[in-house]
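Compute the structure for the input listed below.
(chains A and B)
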Amino acid sequence: MTVLTVPMAETGTAGITRRTRVLRRLRRNPLAVVSFVVLALAAVVALLSPWLAPYSVDQTDFARTLAPPGSAGHLLGTDDLGRDVLSRIMLGARASLQVGLLAVATSLVIGVPLGLAAGYFRAWDAVISRFTDLLLAFPFLIMAVGLAAIRGASLGNAAVAIGIAQIPGVIRVVRSDTLRLKSLDFVAAAVVDGASDLWVLARHILPNATSVILVQATVAIPAAILGEAVLSFLGLGIQPPAPSLGTMLATAQQFAARAPWAAVLPGVVIMGLALAFNVFGDALRDALDPKGDRR
Amino acid sequence: MTTAAASTAAIVLEMRDLSVSFPTETGTVSAVDGVSLDLAAGEIVGMVGESGCGKSVTGMSIAGLLPGSARVSGSVRLNGTELVGARESALRRVRGREIAYIFQEPMTSLNPVLTVGRQIGEVLQIHERMSRRAARVRAIDLLTLVGIPSAAHRVDAYPHQLSGGMRQRVMIAMAVACGPKVLVADEPTTALDVTVQAGILQVLRDLRDRLGTSILIITHDLGVIADIADRVVVMYAGRVVERAPITDLFAHPYHRYTAGLLSASPKPGRHASTTRLAEIPGLVPVLSTQPDACTFADRCPAADARCRDSAPPLEVARGGPDHLAACWHPCATQTQEANR
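Next up, the predicted model:
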């Protein structure tokens, strides 16, 4: 009980900025490194795909339809119209990532402030929570069709529709975490120090809610990629012949028995991206936790 | 000595007839009833009583920190400025700058994702519009002031890297960052072990001596009061039952409740094996309305019909002009025995 020596961890971490500490922790986590490499690779491919892709996405070759992977000139084979699967996956990944990020950005930009307000201000809670219920009750596809009818079918509109559909989840998660954090002593202590509501929300509640928001976002990105597949399949998202991973997966189903690669390969990429987002989000959350060094 | 000085010093905080009640599902609960209290510059006043006596509610009501449902009447003036019923924005400017608080839970009162330096700096950023860099430098000074070794290093520590005593020192540093006139310490040492407690009390005393801060220390621990306070206010069921300079109270408690509290505390040289500590039977009542009677009557050994029929006023007891008690049957000689 009388041991008063300073633990090594304390002297070790003090004086190091938060950023270097978080980066160091991420580097030490092999899963974080692998998932980061996957995501970085995907980002590079997505950004540079118009130049990297060996073929144009709508260049057909009817002499060689459904060529298996490894055929001359087509590393990953061709689809039913003889289009190069590798090129289409590269551009499809670009579209899918765009949709995923745009949708999640939409849902966070609207959902996080509403969730904070609902959790913090009792008077607003009823209104915002009913709005959440309303959004949840509204069928996602009907809303997407409506949006496409008003603003036209496009990648951007599909992303916004998906983002709107994801808002209730964000509001609920942020609201419940705000309710939990609001009752903690350090929030009371900040009020006692003369902090305004906005200050408390920005400095105390939001930073502590980051971990749940991150987790929500990493789950929402793959969900948005899949949602885009649904919308594109219905003709409400990306318009053919432009590829997305979702449309490729959907159209390849028709001949999945004869040419499984045309369906499996985009599916593998979707899965890989989803997994990478989830794993990286998890690692980032651990790295951001100030108590993480105890392990 | 200090008391004599304090009584002539300027009154910083003036509380008059403060009453607080809370509406609940089963009716109104009266938490504080007609409490009056002055706090002079550089004075340390102890407020003591059992759990549920209204000590904390009194403390919280000073800076308007009670929940919105609380009904507060009476007056609390800080250097002449009325705080009861003041606008929230006005109260926010007072909180942390003029009146600061320290609470019981140092383990949970710090934000786990901010370094202690950032949290101390926060108060300065809010009230003095200080830049983050300047606030950090001040935070190091403040950590040194509250006796944290190698403060320049610790300023970047996260709360979980510090012990309970250290965290309470950080809380005190936050509280005094803007040089408040009044510091309300609500059970500041209850969660800490005794050696750490002594250190924290020393820090509070230092602050009073160096900064001239007036301190209202709320506790149920008479040992803490004896250690640090100049004057004592004893509360029971929302009322002040006795008010006295520190030495007078311990030497001659007048109110039966005070006497009960004293004889319920262990003293050096008196062994539990030979003398059992006296307890006060019963519990603090939860009152929906304040009756015109002594609220302690049901637990009091000396209570009679008069105690149940009319509330005794808080008046000067025989000890001296500073010693007030609200009791129809104050103990004079009996307590000497009880104390022995």
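
For chain A, see how far away the nearest residue in space to B:Ala86 that is not next to it in sequence is.
Distance criterion CB to CB, 6 or more residues apart in numbering or on different chains; nearest residue to B:Ala86, sequence neighbours excluded, is B:Gly64 at 6.6 Å. C-beta: built from backbone N, CA, C; applies to glycine. When distance is defined by CB to the nearest CB, to the nearest Å, B:Gly64 is 10 Å away from chain A.

ok now do B:Gly64, which residues does it touch?
B:72, B:83-84, B:86, B:88, B:91 (CB atoms under 8 Å, 6 or more residues apart in numbering or on different chains).

any low-confidence regions in chain B?
Counting by pLDDT under 70, the ranges of chain B that qualify are B:1-9, B:268-275, B:318-319, B:332-340.

What are the boundaries of the helices in it?
Per DSSP state H, chain B carries helices over the ranges B:2-8, B:55-62, B:88-94, B:116-128, B:132-145, B:151-154, B:164-176, B:194-211, B:222-228, B:246-251, B:256-263, B:305-309, B:333-339.

Turn these into a markdown table, columns for mean neighbour count.
Formatted as a markdown table, the helices of chain B follow (neighbours: other CB atoms under 10 Å in any protein chain shown):
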| stretch | mean neighbour count |
| --- | --- |
| helix B:2-8 | 15 |
| helix B:55-62 | 24 |
| helix B:88-94 | 15 |
| helix B:116-128 | 24 |
| helix B:132-145 | 18 |
| helix B:151-154 | 19 |
| helix B:164-176 | 25 |
| helix B:194-211 | 16 |
| helix B:222-228 | 20 |
| helix B:246-251 | 18 |
| helix B:256-263 | 24 |
| helix B:305-309 | 14 |
| helix B:333-339 | 14 |
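
Rebuild those as a markdown table, extending it with distance to A:Arg64.
Output for these, formatted as a markdown table (distance: least, CB to CB, whole Å):
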| stretch | distance to A:Arg64 |
| --- | --- |
| helix B:2-8 | 99 |
| helix B:55-62 | 80 |
| helix B:88-94 | 74 |
| helix B:116-128 | 63 |
| helix B:132-145 | 64 |
| helix B:151-154 | 69 |
| helix B:164-176 | 71 |
| helix B:194-211 | 80 |
| helix B:222-228 | 89 |
| helix B:246-251 | 99 |
| helix B:256-263 | 96 |
| helix B:305-309 | 105 |
| helix B:333-339 | 106 |
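
And the contacts of stretch A:58-69?
Here stretch A:58-69 makes contact (CB under 8 Å, 6+ apart) with A:71, A:74-85, A:241, A:255, A:258-259, A:261-262, A:265.

Report the buried members of those residues.
A:74, A:76-80, A:82-85, A:259, A:261-262, A:265 (16 or more other CB atoms under 10 Å in any protein chain shown).

For chain B, state which of these is nearest.
For the buried ones among the contacts of stretch A:58-69, the minimum distance to chain B (CB to the nearest CB) is 41.9 Å, reached by A:Leu265.

Kindly provide the distance from that closest one to A:Pro50.
Distance, A:Leu265 to A:Pro50, using CB to CB, to the nearest Å: 20 Å.

Same question for B:Leu145.
For B:Leu145, the distance to A:Pro50 - CB to CB - is 62 Å.

One more: B:Gln119?
If you measure B:Gln119 against A:Pro50 using CB to CB, the figure is 49 Å.

in chain A, which spans are strands?
Assigned by DSSP state E, chain A shows no strands.

In space, not sequence, find me the middle residue of it.
A:Ile221 (2.2 Å; CA atoms, centre = their mean).

which residues does it contact?
Counted by CB under 8 Å, 6+ apart, A:Ile221 has contacts A:100-101, A:103-104, A:273-274, A:277.

Equivalent analysis for A:Arg203, please.
By CB under 8 Å, 6+ apart, A:Arg203 lies in contact with A:190, A:195, B:111, B:114, B:122.

Which members of those are the farthest-apart pair?
Taking CB to CB as the measure, those span a maximum distance of 12.5 Å, between A:Ala195 and B:Leu114.

between the two, which one's more packed in?
Set side by side, A:Ala195 and B:Leu114 show more neighbours around A:Ala195, with 24 against 21, by other CB atoms under 10 Å in any protein chain shown.

before we move on, back to that, and the contacts of A:Ile221, which of them are in helices?
In helices, defined here by DSSP H, the members of the contacts of A:Ile221 are A:100-101, A:103-104, A:273-274, A:277.

Where is pLDDT lowest across those?
Among the ones in helices among the contacts of A:Ile221, A:Ala274 carries the weakest pLDDT, at 85.

Between A:Ala195 and B:Leu114, which contacts overlap?
With CB under 8 Å, 6+ apart as the test, A:Ala195 and B:Leu114 both reach A:203-204, B:122.

Which single one of those is nearest to B:Ala317?
The nearest member of the shared contacts of A:Ala195 and B:Leu114 to B:Ala317, counting by CB to CB, is B:Glu122 at 45.6 Å.
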